[in-house]
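Asker: Generate a structure from the sequence data that follows.
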Amino acid sequence: MLPAFEKVMLVVQPIALAVLLIYLYGLFCRSIENRHVLNAVMGGMFGFAAVAAMSAPIPIADGVIVDIRNLFVGIAAAFFGILGGAIALLMGAAMRVSLGGDGVVLGIFGMMVAGTMACIWGYFLRERIKNETAGLLLLAFMISQHMVVALFLPPALRDSFFIGLGPTLLMANLIGALLLGKLIARERALIAETSRLENEATTDPLTKLINRKTATAAFRDLPELGDPSHGRTMLCIDVDSFKHINDTHGHIQGDKVLVEIADRLSSCLRPEDIISRISGDEFVIVLSNVTPAEAQAIAERCRNAISRKPIQFDEGSLTSSISIGAFWTQLAMSFDNLRERADQALYRAKSNGRDRVAFDIHDMSDEFAKVAVA
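Answerer: Here you go, the predicted structure:
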């Protein structure tokens, strides 16, 4: 019989490694945006844990060892997909080959069984089981199927394994799967909540555009102008007669109009342009590194995108339009100063009949050159 201390350590090992692994998971989740890269990295971390488990195994015969490597391979496959599971499996298999002995083939086969069963759980069963604890217990049971490889051991050794270590190994898998699974779920919930709060703080909840605070910060981060013929343009946009839309069709339909306008405006812009809903029916667009002709073309494209196609909503459709005030400059001006100049042009566009662009150019003096009211 094996000393009780060794059996206790077989159960305790997952707890110590779980703390480190989940800390690293939270760290990587916040710094790695690509899901496939994250799965690969976490597969490597759990593979390292499997290697660490094999560095202090319980030997039951010459070249035959018992440890909790299969738990880590299984968790990697269950929560980080085929990619994470495969990386953990390859690392564990390499370590087992390096250790040598009669149990190499069975050891690697056991890891393959654990990884395969965990993948089945992750892809086909996990979402169907509403109770988290019950789902993790099932995962532990499925990972524990790796113990079937012990059936291929010599009879005396097989009986010794199932009677002496089988229950302890099953308990280690149960504790480890519950602990790691719940910590991963908790960490994912915290990350999701943090992301939700950050999103609420930086975006407009209706249109999903960035808000004024975020737009101002993005404006400050714009690169300096290089081409002397290029500058920056601020577009201030108001939806024409929006109060009438709300009064006639209701605020819910009015919100749908704003969402549709935001989508159409966004489709007219370049990836580097900044678009924000400032308040109510007012939008602001910043065009960086453009000539006056390019800026005016984009402004007209935005205007036409709204007026040339009716907006569909529950009660039918309506034709809407926007007025745009634009200001182009090569000077290093603040967000608020640019908005003030563009807002002056917007006032002129609305005064001259709406559904038009009023475009002003700064001529490197403190005067404006009013070049277009379309």
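
Asker: And the helices in the stretch 251-374 of the chain?
Answerer: Taking DSSP state H, counting those that start in this stretch as the criterion, the stretch 251-374 of the chain contains helices spanning 251-267, 292-307, 335-351.

Asker: Could you list every helix and strand that the shortest one packs against?
Answerer: Okay, so that is helix 292-307. With contacts taken as 3 or more Cβ pairs under 8 Å, 6 or more residues apart in numbering; DSSP states H and E, helix 292-307 sits against strand 231-239, helix 251-267, strand 282-290, strand 322-329, strand 357-362, strand 368-373. Using the backbone N, CA and C atoms, a C-beta is placed for each residue, glycine as well.

Asker: To residue 138, which of those lies closest?
Answerer: Evaluated over the helices and strands packed on helix 292-307, closeness to residue 138 peaks at helix 251-267, with 42.3 Å, by Cβ to Cβ.

Asker: From the chain's centre, how far out is that closest one? Work that out for me.
Answerer: From the chain centre to the centre of helix 251-267 is a distance of 25 Å (Cα atoms, centre = their mean, to the nearest Å).

Asker: Would you indicate which residues of that helix are buried?
Answerer: For helix 251-267, the buried set under the neighbour-count rule, 16 or more other Cβ atoms under 10 Å, comprises 253, 254, 256, 257, 258, 259, 260, 261, 262, 264, 265, 266.

Asker: Show me where this structure has its strands.
Answerer: With strands called from DSSP state E, the chain shows them at 58-61, 64-66, 231-239, 274-279, 282-290, 311-313, 316-318, 322-329, 357-362, 368-373.

Asker: Any idea which of those gets closest to residue 78?
Answerer: Of all the strands of the chain, the one in closest proximity to residue 78, counting by Cβ to Cβ, is strand 64-66 (21.5 Å).

Asker: Output the below-cut-off pLDDT ranges for the stretch 1-150 of the chain.
Answerer: Counting by pLDDT under 70, the ranges of the stretch 1-150 of the chain that qualify are 1-15, 18.

Asker: just to revisit the earlier point, would a markdown table of the strands of the chain with distance to residue 102 and mean neighbour count be doable?
Answerer: As requested, the strands of the chain are arranged in a markdown table below (distance: least, Cβ to Cβ, whole Å; neighbours: other Cβ atoms under 10 Å):
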| stretch | distance to residue 102 | mean neighbour count |
| --- | --- | --- |
| strand 58-61 | 7 | 16 |
| strand 64-66 | 6 | 21 |
| strand 231-239 | 73 | 25 |
| strand 274-279 | 66 | 20 |
| strand 282-290 | 68 | 22 |
| strand 311-313 | 72 | 17 |
| strand 316-318 | 77 | 12 |
| strand 322-329 | 78 | 26 |
| strand 357-362 | 82 | 24 |
| strand 368-373 | 86 | 14 |
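
Asker: per-stretch mean pLDDT over these, give me the minimum one.
Answerer: Within those, the stretch with the lowest mean pLDDT is strand 368-373, showing a mean of 43.

Asker: can you tell me which residues contact residue 152?
Answerer: residue 106 (Cβ atoms under 8 Å, 6 or more residues apart in numbering).

Asker: roughly how far apart are it and residue 109?
Answerer: Taking Cβ to Cβ, to the nearest Å as the measure, residue 152 and residue 109 are separated by 8 Å.
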